[in-house]
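Peer 1: missing the sequence, but the structure's below:
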């Protein structure tokens, strides 16, 4: 286990933020600190070996029935940011999961490469998936690099973004989506917020900390979005249930097929009934937090700028 004495992004002082945040998979508890200079949250301590926290049930199918809808929305953002379909240009997706987004990008004319620690599912889909960013750096510049909820898992996000910026060609686009720890959901639910997901989420970004990292790597933020609807709706619903019920993430496990047969049957039924009851209010809250620029998700589109 590693304890941090200063912010990994800017070197600023760390102060206590949230205590007793439980890993929904192991039940282990962690505490969060926050940088007084840039606002980046840190999970502490950092486990020396993360493998035990990524069991077989973690990978694949995390979007459930919304996967195709999510991939189409993301490729629309990429298309808008890059001025059209791929037309043979190169796209790298860091932490590509089961490859759903890469398949959608391929249909839009992008030549795709992914990275993934557990690449079996994406490779079975016929995709070019490498084991690391180093392996994806073949000396040919990329035109677009995406990180869909993967940056918060990285041990050194600043160093990674610097590396990725160097792999972009002139005018290349970097798209980063993370849970927004500066949003209303995190502020309201605290340690019960679904998207803290410790210790897999080693860092917890807000608008200031993510923008600062991107700017430091020679990229200019050209667009910011404040929601991914299904992430944010689930954030309100599951976080409320986490605050009310004795076992966390029952609804999420049921909807994504992670619940073992017969496990927590009564709590699953209660969660589903309460989710139906809460859904109208949660939908209105998603709309409201998005309009306020404080959603459950933060998406930044940045463009590589020439060095002067």
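Peer 2: Yep, that arrived. Quick caveat: nothing in here was measured; it's all calculated off a predicted structure.

Peer 1: Contacts for the least confident helix or strand in the chain by mean pLDDT next, please.
Peer 2: When each helix and strand of the chain is scored by mean pLDDT, DSSP states H and E, helix 250-255 comes last, with a mean of 90. By C-beta atoms under 8 Å, 6 or more residues apart in numbering, the surrounding residues in contact with helix 250-255 are 64-65, 194, 234, 237-238, 241, 258-259, 264, 267-268, 271-272, 275. C-beta coordinates here come from the backbone N, C-alpha and C atoms, glycine included.

Peer 1: What of stretch 6-13?
Peer 2: 14, 35-38, 40, 42, 156-158, 203, 209, 212-213.

Peer 1: re the thing from before, point out the ones among the contacts of helix 250-255 that are inside helices.
Peer 2: If you go by DSSP state H, these have 234, 237, 238, 241, 267, 268, 271, 272, 275 in helices.

Peer 1: mind listing the strands for the stretch 151-300 of the chain?
Peer 2: 168-179, 203-204, 219-225, 297-304 (DSSP state E, counting those that start in this stretch).

Peer 1: right, so those strands: which one is the most enclosed?
Peer 2: Highest mean neighbour count of the strands of the stretch 151-300 of the chain: strand 203-204, a mean of 28 (counted as mean count of other C-beta atoms under 10 Å).

Peer 1: next one: it to chain centre, how far?
Peer 2: 10 Å (C-alpha atoms, centre = their mean, to the nearest Å).

Peer 1: Can you spell out which helices and strands pack onto it?
Peer 2: Applying 3 or more C-beta pairs under 8 Å, 6 or more residues apart in numbering; DSSP states H and E, one finds that strand 203-204 contacts strand 41-44.

Peer 1: coming back round to it: could I have the buried ones of the ones in helices among the contacts of helix 250-255 as PyMOL selection syntax?
Peer 2: Typed into PyMOL, the next command selects the buried ones out of the ones in helices among the contacts of helix 250-255 (criterion: 16 or more other C-beta atoms under 10 Å):
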select buried, resi 234+237+238+241+267+268+271+275
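
Peer 1: Pull the most distant pair out of the ones in helices among the contacts of helix 250-255.
Peer 2: 234 and 267 (16.8 Å; C-beta to C-beta).

Peer 1: ok so, going back, would you reformat the strands of the stretch 151-300 of the chain as CSV and include mean pLDDT and distance to residue 47?
Peer 2: Output for the strands of the stretch 151-300 of the chain, formatted as CSV (pLDDT from 0 to 100; distance: least, C-beta to C-beta, whole Å):
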stretch, mean pLDDT, distance to residue 47
strand 168-179, 96, 19
strand 203-204, 98, 14
strand 219-225, 95, 30
strand 297-304, 96, 25
